[in-house]
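[1] Okay, here's the prediction I keep looking at, along with the sequence it came from:
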Protein chains: 2
Amino acid sequence: MKPILNKFVLLAGVIASLTPAYSQGPLASWNDGPAKQAIVEFVKATTTQGSPQFVPLEERVATFDQDGTLWVEHPMYTQVMYCLERVPDLVKAKPELANVAPFNTVLELLHGDRAAMEKLTLPDIEKIGIATITDISVETFQAEVKQWLAAAKDPRWKKPYTELTYLPMQEVLKYLRANGYKTYIVTGGGQDFVRVYAEQTYGIPPEQIVGTALSTKYGYEKDGKPFLTKEPKLVVNDNDAGKPEGIHLMIGRRPHIAFGNSTGDQQMLEYTKAGDGARLSLLVLHDDAEREYAYGPADGLPDTKVGTFTQALYDEAKKNGWTVISMKKDWKTIFAFENK
Amino acid sequence: MKPILNKFVLLAGVIASLTPAYSQGPLASWNDGPAKQAIVEFVKATTTQGSPQFVPLEERVATFDQDGTLWVEHPMYTQVMYCLERVPDLVKAKPELANVAPFNTVLELLHGDRAAMEKLTLPDIEKIGIATITDISVETFQAEVKQWLAAAKDPRWKKPYTELTYLPMQEVLKYLRANGYKTYIVTGGGQDFVRVYAEQTYGIPPEQIVGTALSTKYGYEKDGKPFLTKEPKLVVNDNDAGKPEGIHLMIGRRPHIAFGNSTGDQQMLEYTKAGDGARLSLLVLHDDAEREYAYGPADGLPDTKVGTFTQALYDEAKKNGWTVISMKKDWKTIFAFENK
């Protein structure tokens, strides 16, 4: 080999190593299979001029559940972790809460008593949520969430929560946007919570976050400056039937493609599929205990209270032509940090 | 003059006559004056790279009240006209309403008894609104509004309501969009009502309409197809303090520029001005009885219940550096059809 040719070969090798994503297409972390194929065929059918299923640019709406669909939701939703970890500060401000349930239980939990978690009921968690995220200004809330996210780590991977997003789903977000789709998060989680990091984490701006929302109250500071306070009054309960209702309120268009992973997403996926023309509904199945978690109870997987995917939902998906994504079989890589 | 030159001169004349908008700049229907100057300077300051007041693209949010700001609201809001004119169909479906107030009053009014209008109170109008726009599917509502808009005419100009938009404001919408601003309507009117025509009328898509919103209820038809029904339950009351609250809920960003025309817009304009950096708040003053309508009671104009602009609001505008747009002095043309 002549030296000059040698240089070119070397250079080509360097370029190839720098651009794995380009050389492998837009869904590089997906294994070839029915799920990847369904997504690619849907995009081709809806964006190719002259296709009978062509969708005009302004109608290209894609919606994504967040917890368990775009990022890890086990052992507990990130926002619940946030609320629990806010309790010490809350108790510092209101010391009388230190001996009152459920706040004392949370303190035990945070001091290492893992069994205390079992004592917390859903109403307890709601009570903690209300106490930690309301009666403060929108700006203060945003600053507190930002600060927490910068420091908090997931207990298993010891990484910031915002690094626990699924690389294959990040690729889907980018792929859909590159094809003119407007990507929305439609989450049972708090709208204001998700807005704090969604732009940086997913490339999704605040106005494209549909979530569970509390009311705000307009008021004035002493100097006359107006501000909004978060109130303990539910405006949008963005779970189950609340998802299509929230989509109508906030977007006003029916999605053409929607992703979920649990019973809370069922109505959004039904509503999406019920539209005219090409519509695709997909469910992420957590069947990979080794690389992430395994829970259902669909398909014989262990049962869970967090992100339940029932057999009934699995059967509905199969009956109605929804695509079930197997984390284990369909995803080559789960997290971006695996590739580093 | 040589023939060849002659041809060029002729051609130049033809081009000039075809492109009046280009030869006159982006705000061709505005007279030179402080209002036009404030808008142009704001856009330059916030969109020129290196300007100390530069606003990144994703933060360029502009909000517009609709009734009285983008289109005519006198003698009565268009949506109220819609609800009144729906009453005969409602009575056809439920004949028992024909002799019940306020429905019988509306029938008298529609049969030409103008004095009947005086009998209608605000609670009456709310009652009629609830009866005519709820308990039907979202799709049926959209179809009914579309059908009505295609046929209905404003009593003074004998034109479809959607032609009664203000040309100078249409120019502002386009000018802001051409400079990277995302334009939103923030209206006390019904969100679903405005969404039906806003894309065609203003170039503003459904997801950028923030309005007074009722809840919807997810359900299934007999064949299992899901649909949303409009319910008589208020989710967003997008007036007064409800405007900044609605902006937070639906957009999640504070506007950099906001336009209104009445006391219902005061809080939106305050909230806009209270942000950091360059912010502009503007109010349209209806002081042109000849070409449109004249009402305040600010500035000695006649009082009105529809689109009230009080002297207190006028004083607040002057005190806080908001721009008051005089229809009479600042607008060269009011409606596009005047130019035809």
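    Structure's in. What do you need? Predicted model only: the values in this text are computed from it and were never measured. Numbers count the residues shown, from 1 in each chain, chains lettered A, B, ... in the order given.
[2] Tell me where the stretch 51-200 of chain A has strands.
    A:61-64, A:182-190 (DSSP state E, counting those that start in this stretch).
[3] need the contact list for the nearest residue to residue A:59 once chain neighbours are set aside.
    Counting by CB to CB, 6 or more residues apart in numbering or on different chains, residue A:253 is the residue found nearest to residue A:59 once chain neighbours are left out, at 6.3 Å. Every residue, glycine included, has its C-beta placed from N, CA and C. Residue A:253 is in contact with A:59, A:61, A:247, B:206, B:207, counting by CB atoms under 8 Å, 6 or more residues apart in numbering or on different chains.
[4] give me that answer again for 7 Å
    If you count contacts by CB atoms under 7 Å, 6 or more residues apart in numbering or on different chains, residue A:253 has them with A:59, A:61, B:206, B:207.
[5] same deal with residue A:227?
    A:137, A:219, A:221.
[6] now these as TSV including pLDDT?
    Formatted as TSV, the contacts of residue A:227 follow (pLDDT from 0 to 100):
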residue	pLDDT
A:137	96
A:219	97
A:221	95
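[7] most neighbours, which of those?
    Most neighbours among those, by other CB atoms under 10 Å in any protein chain shown: residue A:137, with 15 neighbours.
[8] ok, back up a step: out of the contacts of residue A:253, who's the most crowded?
    In these, the most neighbours by other CB under 10 Å go to residue A:61, 24 neighbours.
[9] Helices of the stretch 51-200 of chain A, start to end?
    A:78-93, A:103-110, A:116-119, A:122-133, A:138-151, A:167-178, A:191-202 (DSSP state H, counting those that start in this stretch).
[10] So which of these is nearest residue B:87?
    helix A:191-202 (37.6 Å; CB to CB).
[11] about what we covered before: pick the most deeply packed of the strands of the stretch 51-200 of chain A.
    Comparing the strands of the stretch 51-200 of chain A by mean neighbour count (mean count of other CB atoms under 10 Å in any protein chain shown), strand A:61-64 ranks first with a mean of 26.
[12] Around chain B, which positions in the stretch 201-340 of chain A sit nearby?
    Counting by CB under 7 Å from any CB of the partner chain, the positions of the stretch 201-340 of chain A adjacent to chain B are A:205-207, A:209, A:213, A:215-216, A:218, A:225-226, A:228, A:235, A:241, A:244-245, A:248-253, A:267, A:270-271, A:274.
[13] Please name the residues that touch the most centrally placed residue in chain A.
    The centroid of chain A falls nearest to residue A:66 when counting by CA atoms, centre = their mean (1.6 Å). Residue A:66 makes contact with A:185, A:187, A:189, A:194 under the criterion CB under 7 Å, 6+ apart.
[14] which stretches of the stretch 51-200 of chain A aren't confidently modelled?
    Within the stretch 51-200 of chain A, not a single segment meets pLDDT under 70.
[15] And the residue of it closest to chain B?
    Closest residue of the stretch 51-200 of chain A to chain B, CB to the nearest CB: residue A:195 (5.1 Å).
[16] Which helix or strand contains residue A:305?
    For residue A:305, there is no host helix or strand (DSSP states H and E).
[17] same thing with residue A:325?
    Residue A:325 belongs to strand A:323-326, assigned by DSSP H and E.
[18] quick one: buried residues of the next helix or strand along the chain from that strand?
    Next along the chain after strand A:323-326, taking DSSP H and E as the criterion, comes helix A:327-330. By neighbour count on 16 or more other CB atoms under 10 Å in any protein chain shown, the buried set for helix A:327-330 is A:327, A:328, A:330.
[19] Same check on stretch A:64-83?
    A:64-74, A:76-83.
[20] What are the boundaries of the strands in the stretch 201-340 of chain A?
    A:209-220, A:226-236, A:257-260, A:280-285, A:323-326.
[21] and residue B:318, which of those is closest to it?
    strand A:226-236 (18.5 Å).
[22] check contacts around the residue in the stretch 101-250 of chain A positioned nearest to chain B.
    Nearest to chain B, among the residues of the stretch 101-250 of chain A, is residue A:206, at 3.3 Å (CB to the nearest CB). By CB under 7 Å, 6+ apart, the contact set of residue A:206 is A:195, A:199, B:252, B:253.
[23] Using CSV, list the CA coordinates for stretch A:215-225.
    As requested, the backbone C-alpha atoms of stretch A:215-225 are provided in CSV (Å, rounded to 0.1, in the frame of the first residue of the first chain):
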residue,chain,number,x,y,z
SER,A,215,-53.9,25.8,39.0
THR,A,216,-51.8,28.9,39.5
LYS,A,217,-52.9,32.1,41.2
TYR,A,218,-52.0,35.5,39.9
GLY,A,219,-50.9,38.0,42.6
TYR,A,220,-48.6,40.9,43.3
GLU,A,221,-45.5,41.3,45.4
LYS,A,222,-45.2,44.3,47.8
ASP,A,223,-43.5,46.3,45.0
GLY,A,224,-46.4,45.6,42.7
LYS,A,225,-44.6,43.0,40.6
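[24] What are the buried residues along that stretch?
    In stretch A:215-225, counting by 16+ other CB under 10 Å, buried: A:215, A:216, A:218.
[25] Go through these and say which is closest to residue B:292.
    residue A:218 (30.9 Å).
[26] Would you mind confirming that that closest one is in contact with residue A:226?
    Yes: using CB atoms under 7 Å, residue A:218 is in contact with residue A:226, at 6.3 Å.
[27] ok, back up a step: give me the buried subset of the contacts of residue A:206.
    Buried among the contacts of residue A:206 by 16+ other CB under 10 Å: A:195, B:252, B:253.
[28] closest to residue B:97 among those?
    residue B:252 (41.7 Å).
[29] you'd agree the closest one is up against residue A:207?
    Yes: judged on CB under 7 Å, residue B:252 makes contact with residue A:207 at a distance of 5.7 Å.
[30] re earlier: so how far is residue B:253 from the residue of the stretch 51-200 of chain A closest to chain B?
    9 Å (CB to CB, to the nearest Å).
[31] circling back to that earlier point, dump the strands of the stretch 51-200 of chain A into a markdown table; add distance to chain B as well.
    Shown next, in a markdown table, are the strands of the stretch 51-200 of chain A (distance: least, CB to the nearest CB, whole Å):
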| stretch | distance to chain B |
| --- | --- |
| strand A:61-64 | 8 |
| strand A:182-190 | 8 |
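[32] how about TSV for the ones you listed, with distance to residue B:258 added?
    Shown next, in TSV, are those (distance: least, CB to CB, whole Å):
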stretch	distance to residue B:258
strand A:61-64	27
strand A:182-190	24
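[33] Go through stretch A:42-56 and flag the buried ones.
    A:42, A:43, A:45, A:46, A:47, A:53, A:55.
[34] which of the residues you listed lies closest to chain B?
    residue A:55 (14.3 Å).
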